[in-house]
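In: sequence and predicted structure, then a few things I'm wondering about:
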Amino acid sequence: MTSGTFPLLSLQLFMLVAVLVPAISYLLLRKELNTLGFDSHKKLKPPYSLFFTRLLIWLAVVIILSFVMWVFLGFFIFVNAHGGAKGNELVPPVPLFISTGIIAIMLGSGWLLHSFTKRRLRQSVLESASSLSA
């Protein structure tokens, strides 16, 4: 990877993760609803508030980490331009580690949000089912 393509590839990977993590999480949560027997209780409404809250928290995480990523890549481009780089040099390992770390933090926070939402989804469906049967 060269210093000319590194910022573009980092941003593309960042945007790919920012879009795919909530989509995959939503599909897995819908699968969890089906395994909990959500379709058998016709009076229950799907807990869309959980999905909406999760998306808002995910949006906050993406905004914060995108700011950090933009600042980092801006400094990277600025330092390379002042160093007289032509754009075909290899990227040093430290910027690669920082960029990979930011994306790993985003993946980890997406996994945490998914697991917390899954746990809360189970609780709400089971509470709703028990209140209907009582």
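Out: Yep, that arrived. Numbering: from 1, shown residues only.
In: look up how far Leu11 lies from Pro93.
Out: 19 Å (CB to CB, to the nearest Å). Every C-beta, even on glycine, is put in place using the N, C-alpha and C of the backbone.
In: compare neighbour counts for these two and give me the winner.
Out: Taking other CB atoms under 10 Å, Pro93 and Leu11 do not tie; Leu11 has more neighbours (15 against 8).
In: what's the average pLDDT for the strand or helix carrying that one?
Out: Here Leu11, judged by DSSP states H and E, is contained in helix 6-35. Averaged across helix 6-35, the pLDDT comes to 91.
In: make 52 the starting number, not 1.
Out: Sure, I'll start numbering at 52, so the last one becomes helix 57-86.
In: for it, name the packing helices and strands.
Out: helix 99-133, helix 144-184 (3 or more CB pairs under 8 Å, 6 or more residues apart in numbering; DSSP states H and E).
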